[in-house]
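Q: model the structure of this input:
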Amino acid sequence: MTAKEARTHLNYTGWASRKLMDAAKALNPDDLNRAVGVSHGSIVGTLSHVHFADRIWYSRVVDPNEPVIKEATLAELEQQWPAIQQKWEAWAATLQDADMERMVSFKMTDGTERRNPLWQVLLHVVNHGTLHRGQAVGMIRQLGIKPPTTDLMAYYRESAV
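A: Here you go, the predicted structure:
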């Protein structure tokens, strides 16, 4: 993975999360918080989980002092998620191809110590977000509402990458 590819895919994850947040803001609170037995319970719970992961991985990769927020309301997500995404993108702007092989040492939430090359961590952050955004898209679809398109190919076309 090159630094440019890392930037592209981190930008994609921000684009897709913004699309989904815009869709979520249009839903009523009952639908947002309804436990549907998928992923992290509800649309808000699932989006909150993606935000949590974006923050914890940023703290593991870039800044160990970054606050990790386990659960957030839609209003909190609206303020906090763009901020952590901007930090990811600003940091990624400085990446060089050689950085992709840097080993990242971190602790999992259960305390297990791990090490992975940076490129694997970054792909995980993007893939993890894609998985859970897809679940939230499915929950919106179950409400009978057309969800936003968050496909990677749509991002490529829209941003002309």
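
Q: list the helices and strands the lowest-mean-pLDDT helix or strand in the chain packs on?
A: Ranking every helix and strand in the chain by mean pLDDT, DSSP states H and E puts helix 29-33 at the bottom, with a mean of 93. On a contact count with 3 or more C-beta pairs under 8 Å, 6 or more residues apart in numbering; DSSP states H and E, helix 29-33 meets helix 43-61. Where C-beta positions appear, they are placed from N, C-alpha and C, glycine not excepted.

Q: show me where the chain has strands.
A: Per DSSP state E, the chain carries strands over the ranges 103-107, 113-117.

Q: which residues are in contact with the nearest residue to residue 116 once chain neighbours are set aside?
A: Leaving out its chain neighbours, the residue that sits closest to residue 116 by C-beta to C-beta, 6 or more residues apart in numbering is residue 104, at 5.7 Å. By C-beta atoms under 8 Å, 6 or more residues apart in numbering, the contact list for residue 104 reads 60-61, 115-118, 121.

Q: just the buried residues from the residues you listed, in PyMOL please.
A: Buried members of the contacts of residue 104, defined by 16 or more other C-beta atoms under 10 Å, are picked up in PyMOL with:
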select buried, resi 60+61+116+118+121
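
Q: make CSV out of the contacts of residue 104 and add pLDDT.
A: Below are the contacts of residue 104 laid out as CSV (pLDDT from 0 to 100):
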residue, pLDDT
60, 97
61, 98
115, 98
116, 98
117, 98
118, 98
121, 98
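
Q: which of the contacts of residue 104 sit farthest apart?
A: 60 and 117 (13.2 Å; C-beta to C-beta).

Q: rewinding a little: switch the strands of the chain over to JSON lines; also include distance to residue 50.
A: Formatted as JSON lines, these follow (distance: least, C-beta to C-beta, whole Å):
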{"stretch": "strand 103-107", "distance to residue 50": "18"}
{"stretch": "strand 113-117", "distance to residue 50": "19"}
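
Q: between the ones you listed, which gets nearest to residue 5?
A: Of all the strands of the chain, strand 113-117 sits nearest to residue 5, with 13.8 Å by C-beta to C-beta.

Q: contact partners of the closest one?
A: 100-108, 124.

Q: starting at the chain centroid, how far to it?
A: 20 Å (C-alpha atoms, centre = their mean, to the nearest Å).

Q: and if you look at stretch 66-79?
A: Per C-alpha atoms, centre = their mean, the displacement of stretch 66-79 from the mean C-alpha position of its chain is 12 Å.

Q: tell me the contacts of the residue nearest the centre of the chain?
A: For the chain, the residue nearest the mean C-alpha position is residue 129 (4.1 Å; C-alpha atoms, centre = their mean). The neighbours of residue 129, taking C-beta under 8 Å, 6+ apart as the test, are 13, 16-17, 50, 53-54.
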